[in-house]
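J.: sequence-free structure coming up:
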DNA sequence: TGTCATACCTAGAACCTAGAGGTATAACAC
DNA sequence: GTGTTATACCTCTAGGTTCTAGGTATGACA
């Protein structure tokens, strides 16, 4: 069972990562924390989730990375590629459609076909 | 890969089934079609998804079933138990929280902590 | 020297869903 | 009467994603 995070999370990590990178390059550890902060702890993805997502996105050409040393620390910064940007657009639209459709059932009165 | 349905669907089948049953008893086949219709085909769960969900919900005491013959056909009608009703309340709240949190990131400006 | 926060990573288990397939009956057309 | 479609139930397997738990290494600070 999933205890730390609620369900309904399929595809959400990918969506959130892409969205965050749209604002400029970020590194993995930073993304992990940004998700926690920006969602008010509602969504809290572990590093074990975020890093594999980053690697998969890079393999797919949606993001690219460059190593940078900051304060003697080595970080891997990721930035959105054009491909990643269009993937983000796509996923965002999908997200709207699905949540909208679910919402429709949740607020429905059960008469379904009101023509 | 998921071709027929978009992602973001984790826990959604359970939520939708519970919600539909809140309006009165239904049988499996009917639920499958109701989901298709009420979501405008955006969400289209196969019987291979819905039946296992129904069985799991019944095992968990969230719904109960009774066999009924209609027009010479044998149908298994499911209805929401009090336990299922509170589960629905719970899941609905969760759904709101998660989608709200994601939405916050999607519409965020990247400054995160505006105190 | 020890601990904490930073920063990266992988591997295994757990979970859920999609899709294909299987059975059986009623209704309708031919 | 035979074939096809719609109804109505069901199971199983593969595939994908995410969670948890680990592991490594450095800088800062006590």
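T.: Structure received. Only a predicted model underlies this, so the values are computations on that prediction, with no experimental measurement involved.
J.: in stretch A:22-30, which residues are buried?
T.: For stretch A:22-30, the buried set under the neighbour-count rule, 16 or more other Cβ atoms under 10 Å in any protein chain shown, comprises A:25-28. Any C-beta I mention is one placed from the backbone N, CA and C, and that applies to glycine too.
J.: distance between it and the chain's centre?
T.: Stretch A:22-30 has its C-alpha centroid displaced from the chain centroid by 12 Å (Cα atoms, centre = their mean, to the nearest Å).
J.: for it, which outside residues touch it?
T.: Applying Cβ atoms under 8 Å, 6 or more residues apart in numbering or on different chains, the contact partners of stretch A:22-30 are A:20, A:34, A:47, A:50-51, A:54, A:75-80, A:85, A:88, B:109-110.
J.: show me what whichever strand or helix holds residue A:95 is packed up against.
T.: Using DSSP states H and E, residue A:95 falls within helix A:82-106. Here helix A:82-106 touches helix A:12-21, helix B:12-21, helix B:28-38, helix B:82-106, going by 3 or more Cβ pairs under 8 Å, 6 or more residues apart in numbering or on different chains; DSSP states H and E.
J.: looking at those helices, spot the one closest to DNA strand D.
T.: Distance to DNA strand D, taken as Cβ to the nearest atom of the strand, is lowest for helix B:28-38 among the helices and strands packed on helix A:82-106, at 3.2 Å.
J.: hey, what's the angle from that closest one to helix A:82-106? Just curious.
T.: Comparing the axes of helix B:28-38 and helix A:82-106 via axes from the mean of the first three to the mean of the last three Cα atoms, to 10 degrees yields an angle of 120 degrees.
J.: now helix B:28-38: buried residues?
T.: B:28, B:31-32, B:34-35, B:38.
J.: tell me which residues of stretch A:39-50 come out buried.
T.: Neighbour-count burial for stretch A:39-50, counted by 16+ other Cβ under 10 Å, picks out A:39, A:42-45, A:49-50.
J.: in chain A, where is pLDDT below threshold?
T.: Scanning chain A for pLDDT under 70 picks out the ranges A:1-4, A:6-7, A:110-115.
J.: can you tell me the centre-most residue of it?
T.: When chain A is reduced to its mean C-alpha position, the nearest residue by Cα atoms, centre = their mean turns out to be residue A:16, at 1.9 Å.
J.: wait, isn't it in contact with residue B:104?
T.: No. Counting by Cβ atoms under 8 Å, residue A:16 sits too far from residue B:104 to count as a contact (10.3 Å).
J.: kindly report the residues of chain A close to DNA strand D.
T.: Contact residues (Cβ under 7 Å from any atom of the strand) of chain A with DNA strand D: A:2-5, A:9-14, A:45-49, A:52-53, A:71-73.
J.: out of the residues you listed, which end up buried?
T.: A:9-14, A:45, A:49, A:53.
J.: and residue A:10, helix, strand or coil?
T.: What DSSP: H, G, I helix; E, B strand; the rest coil gives for residue A:10 is coil.
J.: in space, what's closest to it - neighbours in sequence excluded?
T.: Sequence neighbours aside, residue B:10 is the residue nearest to residue A:10 in space, at 4.0 Å (criterion: Cβ to Cβ, 6 or more residues apart in numbering or on different chains).
J.: quick check on that neighbour: phi, psi?
T.: phi -80, psi 120 (degrees, to the nearest 10).
J.: how near is it to residue B:29?
T.: 24 Å (Cβ to Cβ, to the nearest Å).
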